[in-house]
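Asker: What follows is a protein structure lacking sequence information:
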């Protein structure tokens, strides 16, 4: 080997060494924490992996799980403020029962103390429920596999869950500000994305194949299905698909839009499971579930006001849950736009809703009446044809909504009244514009089944695809005032 060859060879070795050294330095100073460095591994037990993932999350900053594989997890991991975690393609977190059933795979730390966490991102998480479910554990009413409570600036991207089980939701977020959920595929028994009270959100690019609600905007809710109640405001839901399931079991809605109203505590009030009251600057709810987890069906008379600051206390044989601080008396949804929604599953699309059953009565008689406000449905595509569930169902007061750029088949709008809930459902204004009507014959566009309810129906700029098409309105015992461009409703 001549001198020049030796010099070139030596130079190559030095450069390679410097590159390796630089790579090590970059890894140490990149701001990324690899969970594998703490023992998070496809070969570890579920208990070991929960401990390892928690140690990685406690470093805060940017956490990565880079090695593909199925990782067992036997409990909940907690994520705090200023933390993002990203899972590589092919990483699956599989719930296992090594130390008992548990609820959440991932939960924010502040949920335990009702203190705000901020600036959190979860990317690429794929959860396998694997039959390991528990209705709620750490927080009463919080039921998501992926769950957040008291959170600001949260981004969830690329989440997958194909086996949502019967007593838990997939994604559950309550008491939030500035929420983004993007690119999700969710399948199974229960709700896909379930929201409680919050402000400013976007849900986009989602595919659902769920038996229960694909989306739940549950401002009010069963006492065991949201940890707090209040208004859900200022949101956009776009590019979502409600897919037909193989067995076509019909339950729930594409989106449940749930309102409620409750009163100040009064001596002698008659209450049931799920009822809420305001007392001592807090909102309390009645937990009337029996040992089998179902409502006991009892009526309770309260003689002593609840006043405990947290947890559950039994007073006058009533199990009171302290839900939240505050003196609000209504809950509902307002200022939300649904855009580019594709409805393949033949069930009601949007239910503007009160519950009225043994699980929950959303509205307590005599309470302040909630009015849901300013909903927009833009480019809604009805893809089923053999059955005719309502596209929009109303059984709460709503000031008005617009349907635009949409494609109707035989699914129209239905206004219902629930017996004994309200005597006045107020007027509603419905505006339908620039839409396509595909029915080959007569279509019931609006059915008003609410006694005394006034509906203003305005339609303009629409297209009828068949010469035999005719729209029809059934007033029932209510009143409908019509200004329409549609055959059958003109003049």
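Answerer: Nice, thanks for sending it over. Every value quoted in this text rests on a predicted model; they were computed, and no experiment measured them.
Asker: roughly how far apart are the residue most central in space within the chain and residue 254?
Answerer: Taking C-alpha atoms, centre = their mean as the criterion, residue 194 is the residue nearest the geometric centre of the chain, at 1.9 Å. Distance, residue 194 to residue 254, by C-beta to C-beta, to the nearest Å: 13 Å. Yep, even glycine has a C-beta here, placed from its N, CA and C like the rest.
Asker: Isn't residue 336 up against residue 236?
Answerer: Yes - the pair residue 336 and residue 236 qualifies as a contact (C-beta atoms under 8 Å) at a distance of 7.4 Å.
Asker: More neighbours: which of those two?
Answerer: Here residue 336 and residue 236 are compared on neighbour count by other C-beta atoms under 10 Å; more neighbours surround residue 336, at 22 against 17.
Asker: Without its sequence neighbours, what residue ends up closest to that one?
Answerer: Nearest non-adjacent residue to residue 336, counting by C-beta to C-beta, 6 or more residues apart in numbering: residue 235, 4.5 Å away.
Asker: Could you pull up the residues touching residue 145?
Answerer: Going by C-beta atoms under 8 Å, 6 or more residues apart in numbering, residue 145 touches 95, 103-105, 127, 129, 161, 164, 168-171.
Asker: for the strand or helix carrying residue 173, packing partners?
Answerer: Here residue 173, judged by DSSP states H and E, is contained in strand 169-188. Other helices and strands packing on strand 169-188, by 3 or more C-beta pairs under 8 Å, 6 or more residues apart in numbering; DSSP states H and E, are strand 144-157, strand 160-164, strand 193-195, strand 198-210.
Asker: on that earlier part again, how about the contacts of residue 145 in a markdown table, adding pLDDT, neighbour count and distance to residue 275?
Answerer: Below are the contacts of residue 145 laid out as a markdown table (pLDDT from 0 to 100; neighbours: other C-beta atoms under 10 Å; distance: C-beta to C-beta, whole Å):
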| residue | pLDDT | neighbour count | distance to residue 275 |
| --- | --- | --- | --- |
| 95 | 98 | 25 | 33 |
| 103 | 97 | 24 | 25 |
| 104 | 98 | 27 | 27 |
| 105 | 98 | 24 | 32 |
| 127 | 98 | 23 | 34 |
| 129 | 98 | 19 | 31 |
| 161 | 98 | 25 | 32 |
| 164 | 96 | 26 | 29 |
| 168 | 96 | 25 | 24 |
| 169 | 97 | 29 | 23 |
| 170 | 98 | 30 | 28 |
| 171 | 98 | 27 | 27 |
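Asker: ok so residue 50 is a strand residue?
Answerer: No - going by DSSP: H, G, I helix; E, B strand; the rest coil, the assignment for residue 50 is helix, not a strand.
Asker: what pLDDT does it get?
Answerer: Looking at residue 50, its pLDDT is 98.
Asker: the domain parsing of this protein - what is it?
Answerer: 1-30, 263-325 (automatic domain parsing).
Asker: Which one of these has the poorest average confidence?
Answerer: Comparing mean pLDDT across those, the weakest is domain 1-30, with a mean of 45.
Asker: Output the below-cut-off pLDDT ranges for this structure.
Answerer: The chain contains residues with pLDDT under 70 at 1-30, 247-248, 491.
Asker: about what we covered before: go ahead and confirm the residue nearest to the centre of the chain touches residue 169.
Answerer: Yes - contact criterion C-beta under 8 Å: residue 194 and residue 169 qualify, at 4.2 Å.
Asker: okay, and the common contacts of these two?
Answerer: Jointly contacting residue 194 and residue 169 under the rule C-beta under 8 Å, 6+ apart are 143-144, 216.
Asker: beta partners of the residue nearest to the centre of the chain?
Answerer: Counting by DSSP bridges, residue 194 is bridged to residue 172, residue 216.
Asker: do the same with the one 4 residues further on
Answerer: Legend: beta-bridge partners of residue 198 under DSSP bridges are residue 176, residue 232.
Asker: and it, how many neighbours?
Answerer: 26.
Asker: in which helix or strand would I find residue 358?
Answerer: Per DSSP H and E: residue 358 is located in neither a helix nor a strand.
Asker: pretty sure it is touching residue 295, no?
Answerer: Yes - with contact defined as C-beta under 8 Å, residue 358 counts as touching residue 295 (4.2 Å).
Asker: Between those two, which contacts overlap?
Answerer: Common neighbours of residue 358 and residue 295 (C-beta under 8 Å, 6+ apart) are 272-273.
Asker: neighbour count winner among those two?
Answerer: residue 295 (21 against 14).
Asker: That one: what's it in contact with?
Answerer: By C-beta under 8 Å, 6+ apart, the contact set of residue 295 is 272-274, 288-289, 358-359.
Asker: those helices in the stretch 1-150 of the chain, which residues are they?
Answerer: When secondary structure is read from DSSP state H, counting those that start in this stretch, the stretch 1-150 of the chain shows helices at 3-29, 46-57.
Asker: Would you mark the buried spots in the shortest one?
Answerer: Read it as helix 46-57. For helix 46-57, the neighbour count (16 or more other C-beta atoms under 10 Å) marks 46, 48-57 as buried.
Asker: Next: stretch 130-147.
Answerer: Applying 16+ other C-beta under 10 Å to stretch 130-147 flags 130, 132-133, 135-147 as buried.
Asker: What is the nearest of those residues to residue 301?
Answerer: Nearest to residue 301 among the buried residues of stretch 130-147 is residue 140, at 23.6 Å by C-beta to C-beta.
Asker: Settle this for me: that closest one is touching residue 321, isn't it.
Answerer: Yes - using C-beta under 8 Å, residue 140 is in contact with residue 321, at 5.8 Å.
Asker: Find residues that contact each of those two.
Answerer: Counting by C-beta under 8 Å, 6+ apart, the common neighbours of residue 140 and residue 321 are 223, 312.
Asker: circling back to that earlier point, please dump the contacts of residue 295 into CSV; it should also carry secondary structure and distance to residue 33 for every row.
Answerer: Conversion of the contacts of residue 295 to CSV gives the following (DSSP: H, G, I helix; E, B strand; the rest coil; distance: C-beta to C-beta, whole Å):
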residue, secondary structure, distance to residue 33
272, coil, 49
273, coil, 45
274, coil, 43
288, coil, 46
289, strand, 41
358, coil, 48
359, coil, 43
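Asker: Now the two most distant members of those residues.
Answerer: 272 and 289 (11.6 Å).
Asker: how deep is residue 454 tucked in, by neighbour count?
Answerer: 15.
Asker: now the closest residue to it other than its chain neighbours: how far from residue 332?
Answerer: Nearest residue to residue 454, sequence neighbours excluded (C-beta to C-beta, 6+ apart): residue 427, at 4.3 Å. Residue 427 is 17 Å from residue 332, where distance means C-beta to C-beta.
Asker: Next: residue 45.
Answerer: 46 Å.
Asker: of these two, who's got more company?
Answerer: Neighbour totals were compared for residue 45 and residue 332, and residue 332 leads with 28 against 14 (other C-beta under 10 Å).
Asker: circling back: will you turn the shared contacts of residue 194 and residue 169 into TSV that also has distance to residue 123?
Answerer: Listed next are those as TSV, based on distance: C-beta to C-beta, whole Å:
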residue	distance to residue 123
143	23
144	17
216	23
